[in-house]
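>>> Sequence and computational prediction follow.
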Amino acid sequence: MSVQTLYTAATGMEALQQKLDVIANNLANVNTTGFKRDRANFEDLFYRTETVPGIQDAAGNYTPVGIQTGLGSKVQSTQADQTQGAFQQTNQPLDVAIQGNGYLQVTDPTGQILYSRAGNLSLNANGQLVVGDATVGYLLSPAISIPQTATSITIGADGKVSVQEAGSTTMQQVGQIQLARFINPQGLMSLGGNLLSQSDASGPPTQGVPGTNGIGTIQQGSLEASNVEPVNELIDLITTQRSFELNSQAIQAGDQIMQDITNLRRG
Amino acid sequence: MDRAIPFAAMSYYGLYISAEGAHAQSRRVETLANNLANADTVGFKRDFAVVQARYAEEMQRGLDYPGSRTVNDLGGGVRVAETKTDFSPGAFKRTGNPTDIAIPGDGFFMVRRPDGDYLTRAGNFMFNSAGRLVTQDNYPVLSDSGAPIDIDPDAGDWRLTGDGGIVQNGTQQNLALVKPRSLGDLSKVGQNLFKALAPAAPIAPEHRQVDGGFLEQSDVKPTTEMTELIEASRAFEANISMIKNHDQMMGTLTSRLLKFS
């Protein structure tokens, strides 16, 4: 019966709608520092096997491949695309971009370590480096304090944070930025606010000093832009919308079939 | 006068033939709906229903023979003989993700599910937290020796070679690339997987080829599917009209008979 057609096409529409949600979020985050675009992975649902391949039917015909009707599709996973975003030169001393696979580590109010690629650091009221906003930002881990007398801050490619104090001509190291990397960064959980948390899928972090073990280096005065390519997203948007329309046509065909059947019996 | 009325001449028979025709067309629509639902599924191969003419019942029962030119030679309607999968290659889409792998030409990856080994063309793999190459459903992707592919999570970078090898620290593990004896051997099980009815043979080393950073898109062509959808719906309608005609005919006949009796 063509009720199946309705359900099959509905699974397609539902999955495509989910894909549209993902695209919309990518587009909304075109300008988000360190944002990694997501993509929806599709898979087919299970199959209704009516005739097992190779069986002989009542008419004596062999069925070489059998009769299998697929029951639609679903979104299997949403996967973050880990490719590097473009580097934006800002010349702000507290903007850092990570070249490579590493993540900045921050401490949330409960003491849990979270991860971020957004290197727009700032100083809070206590002179500590925080990720994001100076008022609500989370402390960088390990914590780095900048003396109030500092006149300039330098962050090296190896993560060494040095300051020059008023009246002094030498640089003085005040901290060391450490990065974390994961075997499966795609398994990190997005928490919003440019923050990610470790999960069973991502595996535990491997910590290190920038520049070692392929963990990435730090570029001061730059920010990593989001890796969303608006053109690609718009193309995805168009194809998704069209696929959605095609599935709605299948629903209409199924509906028409049902209607024809219903009208079969004369009054 | 005692000659039996051929079975096909009985009015109910035509009714059933038309019903079967309608049934076959609605089955086609179901298959088309599944194709359209999977227009975005990585490595998906479209299905199509093969519709086959049937002999009239008299012939199936051995009471007449094909080509007898009697009323039975008109045929006995239609049925869906099988659903076949169209294995034509899908377009390759560049993703840039190193664990996305597409196979140009023939061949399938092997994936291990708890209930057995399966083939797939969907190469959207990833390394899980243990450093094992898995599908999006967390099923291990197999190497040519039939073992899962594991890399050391702490040992740094790995790369994919053009012939389907994963190299880390100088050790290479080759992805299993196999080819079933016949594509007709494969039945779909969902989750982008195919079950091979007979063991699939490995592809010869000189023919091994993969493209890293690419994904094979579904081979569903919307224009074809839409054209077929229109055709199937119209054929369905035609069969339904035939049923109505039969019904009307029999109604008239019955009322006439009742009038004379």
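Received, thanks. Residues are numbered from 1 along each chain as shown, chains lettered A, B, ... in the order given.

>>> need the contact list for the residue nearest to B:Pro222 when sequence neighbours are not counted.
Of all residues not flanking B:Pro222 in the chain, A:Leu246 sits nearest, at 5.4 Å (Cβ to Cβ, 6 or more residues apart in numbering or on different chains). Just so you know, the C-beta spots here come from the backbone N, C-alpha and C atoms, and that holds for glycine as well. Contacts for A:Leu246 (Cβ atoms under 8 Å, 6 or more residues apart in numbering or on different chains) come out as B:36, B:39, B:222, B:225-226.

>>> Over in the stretch 101-250 of chain A, which residue gets nearest chain B? Let me know.
Residue nearest to chain B within the stretch 101-250 of chain A: A:Gly203 (3.0 Å; Cβ to the nearest Cβ).

>>> Select, from the contacts of A:Leu246, the two members most distant in space.
Farthest pair in the contacts of A:Leu246 (Cβ to Cβ) is B:Ala39 and B:Met226. Separation: 11.0 Å.

>>> Who has more neighbours out of these two?
Neighbour totals were compared for B:Ala39 and B:Met226, and B:Ala39 leads with 26 against 16 (other Cβ atoms under 10 Å in any protein chain shown).

>>> Could you pull up the residues touching the more buried one?
For B:Ala39, the contact set (Cβ under 8 Å, 6+ apart) comprises A:12, A:243, A:246-247, B:218, B:220, B:222.

>>> Please convert those residues to TSV, extending it with secondary structure and distance to A:Thr262.
Output for those, formatted as TSV (DSSP: H, G, I helix; E, B strand; the rest coil; distance: Cβ to Cβ, whole Å):
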residue	secondary structure	distance to A:Thr262
A:Gly12	helix	24
A:Ser243	helix	29
A:Leu246	helix	25
A:Asn247	helix	23
B:Ser218	coil	33
B:Val220	coil	30
B:Pro222	helix	29
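
>>> shouldn't A:Ile67 be in contact with B:Thr85?
No: A:Ile67 lies out of contact with B:Thr85 (Cβ atoms under 8 Å); the separation is 12.0 Å.

>>> higher neighbour count, the two?
Per other Cβ under 10 Å, whichever of A:Ile67 and B:Thr85 has more neighbours is A:Ile67, with 25 against 20.

>>> Tell me the bridge partners for the more buried one.
With DSSP bridges applied, A:Ile67 shows beta-bridge pairing to A:Thr51.

>>> Please apply the same query to B:Arg132.
Here B:Arg132, judged by DSSP bridges, has bridge partners B:Asp150.

>>> Counting neighbours, what do you get for it?
The number of residues packed near B:Arg132 is 18, by other Cβ under 10 Å.

>>> got the residue ranges for the strands in the stretch 101-250 of chain A?
With strands called from DSSP state E, counting those that start in this stretch, the stretch 101-250 of chain A shows them at A:103-107, A:113-116, A:121-123, A:129-131, A:138-140, A:150-155, A:160-165, A:171-176, A:179-181, A:189-192, A:195-197, A:206-208, A:217-220, A:222-224.

>>> what's the most buried one of these?
Among the strands of the stretch 101-250 of chain A, the stretch with the highest mean neighbour count (mean count of other Cβ atoms under 10 Å in any protein chain shown) is strand A:129-131, at a mean of 25.

>>> Next up, the contacts around the closest residue to B:Asp211 other than its chain neighbours.
Of all residues beyond its chain neighbours, the one nearest B:Asp211 is B:Ala102 (4.7 Å), with distances taken as Cβ to Cβ, 6+ apart. Shown in contact with B:Ala102 (Cβ under 8 Å, 6+ apart): B:92, B:123, B:210-211, B:214-216.

>>> Take those residues and write them to TSV, including distance to B:Val71.
Putting the contacts of B:Ala102 into TSV (distance: Cβ to Cβ, whole Å) gives the following:
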residue	distance to B:Val71
B:Phe92	55
B:Gly123	56
B:Val210	60
B:Asp211	59
B:Phe214	59
B:Leu215	56
B:Glu216	52
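
>>> What about those, which are in strands?
Among the contacts of B:Ala102, DSSP state E puts B:92, B:211, B:214-216 in strands.

>>> and the two most separated of the contacts of B:Ala39?
The most widely separated members of the contacts of B:Ala39, counting by Cβ to Cβ, are A:Asn247 and B:Ser218 (13.1 Å).

>>> Verify the assumption that A:Ala97 is located in a strand.
Yes: assessed with DSSP: H, G, I helix; E, B strand; the rest coil, A:Ala97 lies in a strand.

>>> Pretty sure it sits against A:Glu224.
Yes: under the criterion of Cβ under 8 Å, A:Ala97 makes contact with A:Glu224 at 4.4 Å.

>>> what is in contact with these two at once?
Common neighbours of A:Ala97 and A:Glu224 (criterion: Cβ under 8 Å, 6+ apart): A:87-88, A:119.

>>> out of those, who has the most neighbours?
Highest neighbour count within these: A:Gly119, with 24 neighbours (other Cβ under 10 Å).

>>> Apart from its chain neighbours, what residue comes closest to it?
Nearest non-adjacent residue to A:Gly119, counting by Cβ to Cβ, 6+ apart: A:Val96, 3.8 Å away.

>>> Number of residues surrounding the one you found?
Other residues near A:Val96 come to 25 when the count uses other Cβ under 10 Å.

>>> partners of it in the sheet?
Assigned bridge partners for A:Val96, using DSSP bridges, are A:Gln220.

>>> my read: it touches A:Thr217, true?
No: contact between A:Val96 and A:Thr217 fails when scored by Cβ under 8 Å: they sit 10.1 Å apart.

>>> so what's A:Ile98 closest to, chain neighbours aside?
Among residues not flanking A:Ile98 along the chain, A:Gly216 sits closest, at 4.8 Å (Cβ to Cβ, 6+ apart).

>>> Neighbours of that neighbour, how many?
By the criterion of other Cβ under 10 Å, A:Gly216 has 23 neighbours.

>>> OK, contacts around it?
So A:Gly216 contacts A:98-102, A:179, A:181, A:210 (Cβ under 8 Å, 6+ apart).

>>> before we move on, what about A:Glu50?
Shown in contact with A:Glu50 (Cβ under 8 Å, 6+ apart): A:66-69.

>>> Which one of those residues is nearest to A:Asn31?
A:Thr69 (45.5 Å).

>>> near chain B at all, whichever strand or helix holds A:Asn41?
Counting by DSSP states H and E, the element that carries A:Asn41 is strand A:38-44. Yes: Strand A:38-44 lies within reach of chain B by Cβ under 8 Å from any Cβ of the partner chain, at A:39-44.

>>> Spell out which parts of the stretch 101-250 of chain A neighbour chain B.
With Cβ under 8 Å from any Cβ as the criterion, the stretch 101-250 of chain A comes near chain B at residues A:182-184, A:186-187, A:200-204, A:206, A:213-214, A:239-240, A:242-243, A:246-247, A:249-250.

>>> hang on, the earlier thing: residues touching the residue of the stretch 101-250 of chain A closest to chain B, list them.
Contact partners of A:Gly203, counting by Cβ under 8 Å, 6+ apart, are A:182-184, A:187, B:128-131, B:153.

>>> hey, what's residue 171 bridged with?
With no chain named, the answer covers chain A. With DSSP bridges as the criterion, the beta-bridge partners of A:Met171 are A:Gln164.

>>> hmm, I had chain B in mind actually
B:Gln168.

>>> how near is it to chain A?
For B:Thr171, the distance to chain A equals 17 Å [Cβ to the nearest Cβ, to the nearest Å].

>>> what's near enough to touch residue 91?
Picking chain A for this. Listed by Cβ under 8 Å, 6+ apart, the contact partners of A:Asn91 are A:Gly221.

>>> meant chain B, my bad for not saying
Each residue near B:Ala91 by Cβ under 8 Å, 6+ apart is listed here: B:216-217.
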